[in-house]
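A.B. asks: No letters, just coordinates:
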């Protein structure tokens, strides 16, 4: 268990929890919850600087890029071109080559636009990015994204921010069993048991934002997620018992006092 | 000179990207600059001229999932 690290591309982590930095009420809470989560990797979004508020505090004043691996995302991109532009800028800003690609289909479902996602992934991989790619829970698409050179495939558990858990645990399992790159369940995790379940199914890591940021006690939920991911991973490695249709007595069925 | 800065018509004095960053008070920020859809590398800030009507984007990192 001590040697059980999470390897993605050329990076290696102890924690199998990746956290987001969105939706928090303030930067201080972002910092404290991120620390409590034990995560070593945190996603960030790329946006225009507000020119009139140049002196204002910034997320990276609280989340130290020397301490955390910063994973820039392409949230809000609806086509390959915008996603590629965004990540080129992110790489210039911080020198980061490990990135989270997500190209969305529409604002109501936030489901991935798979066609544009594949297009963007092809270009980014050629440009030397290590692409962790958000996608739907389709095993065929997951294989395609691996084939174009993504370093991790990140199927959704359910729509972004929905907190509904894993809609299709069987597909997460199928995707994992076919994959040669790490599988990260990204989106949909609502509470600790969802995160544990993802890892129990064999997912290599979980990416969680809203479930922590929207909890009443963000730091406590961050700890719960840290523990759930660890527990799920241990259960996966331990190998679960088979499910049976009928009972199987736990105590010996011989040596009764009435025999 | 007027440029399109982060989508807004803006009048600036700066003639290079370096000067623009100083003019905007952004020199301590971790950011990236795009000029007419091309990323400007940090090493080229001083030599990258800004011309009237250039489309300049300056981005930074914010919270996101």
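C.D. replies: Alright, I've got the coordinates. Small disclaimer: the values here were computed from a predicted structure and weren't measured.
A.B. asks: buried ones in the helix or strand that contains residue A:83?
C.D. replies: Residue A:83 belongs to helix A:80-94 when assigned by DSSP states H and E. Buried positions in helix A:80-94, judged by neighbour count with 16 or more other CB atoms under 10 Å in any protein chain shown: A:80, A:83-94. Where you see a C-beta, it was placed from the backbone N, CA and C, and this is true even at glycine.
A.B. asks: following it, which helix or strand shows up next?
C.D. replies: strand A:98-101.
A.B. asks: So is that next one next to chain B?
C.D. replies: No - counting by CB under 8 Å from any CB of the partner chain, chain B has no neighbours in strand A:98-101; the shortest distance is 9.1 Å.
A.B. asks: Check stretch A:109-127 too.
C.D. replies: No - figure legend: stretch A:109-127 not in contact with chain B (CB under 8 Å from any CB); closest approach 10.4 Å.
A.B. asks: Can you pull up the most central residue in chain A?
C.D. replies: The centre of chain A sits closest to residue A:207, judged by CA atoms, centre = their mean, with a distance of 2.1 Å.
A.B. asks: mind listing what that residue touches?
C.D. replies: A:18-20, A:43, A:100, A:154, A:184-187, B:65 (CB atoms under 8 Å, 6 or more residues apart in numbering or on different chains).
A.B. asks: So which residues on chain B come close to chain A?
C.D. replies: B:5-8, B:10, B:24-26, B:29-34, B:37, B:39-42, B:57-65.
A.B. asks: so of these, which ones are in strands?
C.D. replies: Judged by DSSP state E, the residues of chain B next to chain A include B:5, B:8, B:10, B:31-34, B:39-40, B:57-63 as members of strands.
A.B. asks: quick one: residue A:156 and residue A:189 touch, right?
C.D. replies: No - using CB atoms under 8 Å, residue A:156 is not in contact with residue A:189, being 9.8 Å away.
A.B. asks: Compare the two (neighbour count), which wins?
C.D. replies: Each of residue A:156 and residue A:189 has its neighbours counted (other CB atoms under 10 Å in any protein chain shown); residue A:189 has more, 31 against 25.
A.B. asks: mind checking the SS state of that one?
C.D. replies: Here residue A:189 is coil, with the state taken from DSSP: H, G, I helix; E, B strand; the rest coil.
A.B. asks: and chain A, which residues reach chain B?
C.D. replies: Residues of chain A lying close to chain B (CB under 8 Å from any CB) are A:20-24, A:30, A:43-49, A:51, A:54-55, A:58-60, A:65, A:70, A:72-73, A:75, A:85-86, A:88-90, A:92-94, A:160-161, A:207, A:209-210.
A.B. asks: Buried ones among these?
C.D. replies: A:20-24, A:30, A:43-47, A:49, A:54, A:58-60, A:65, A:70, A:72-73, A:75, A:85-86, A:88-90, A:92-94, A:160-161, A:207, A:209-210.
A.B. asks: Got a PyMOL select line for the buried ones in the residues of chain B next to chain A?
C.D. replies: A single PyMOL command selects the buried members of the residues of chain B next to chain A (16+ other CB under 10 Å):
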select buried, chain B and resi 5+6+24+26+29+30+31+32+33+34+39+40+57+58+59+60+61+62+63+64+65
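A.B. asks: residue of chain B with the smallest distance to chain A?
C.D. replies: residue B:64 (2.6 Å; CB to the nearest CB).
A.B. asks: And that residue, how far from residue A:30?
C.D. replies: Per CB to CB, to the nearest Å, residue B:64 is found 11 Å from residue A:30.
A.B. asks: which neighbours do the two share?
C.D. replies: The contact sets of residue B:64 and residue A:30 overlap at residue A:21 (CB under 8 Å, 6+ apart).
A.B. asks: Centre of the chain to the biggest strand by length in chain A, how far?
C.D. replies: In chain A, taking DSSP E as the definition, the longest strand is strand A:41-48. Remark: strand A:41-48 is offset 14 Å from the chain centroid, using CA atoms, centre = their mean, to the nearest Å.
A.B. asks: which secondary structure elements does that strand contact?
C.D. replies: strand A:17-19, strand A:69-72, helix A:80-94, strand B:55-63 (3 or more CB pairs under 8 Å, 6 or more residues apart in numbering or on different chains; DSSP states H and E).
A.B. asks: now do 6 Å
C.D. replies: Counting contacts by 3 or more CB pairs under 6 Å, 6 or more residues apart in numbering or on different chains; DSSP states H and E, strand A:41-48 packs against strand A:69-72, helix A:80-94, strand B:55-63.
A.B. asks: What strands flank that strand, and is each parallel or antiparallel?
C.D. replies: The strands beside strand A:41-48 in its sheet (DSSP bridges) come out as strand A:17-19 (parallel), strand A:69-72 (parallel), strand B:55-63 (antiparallel).
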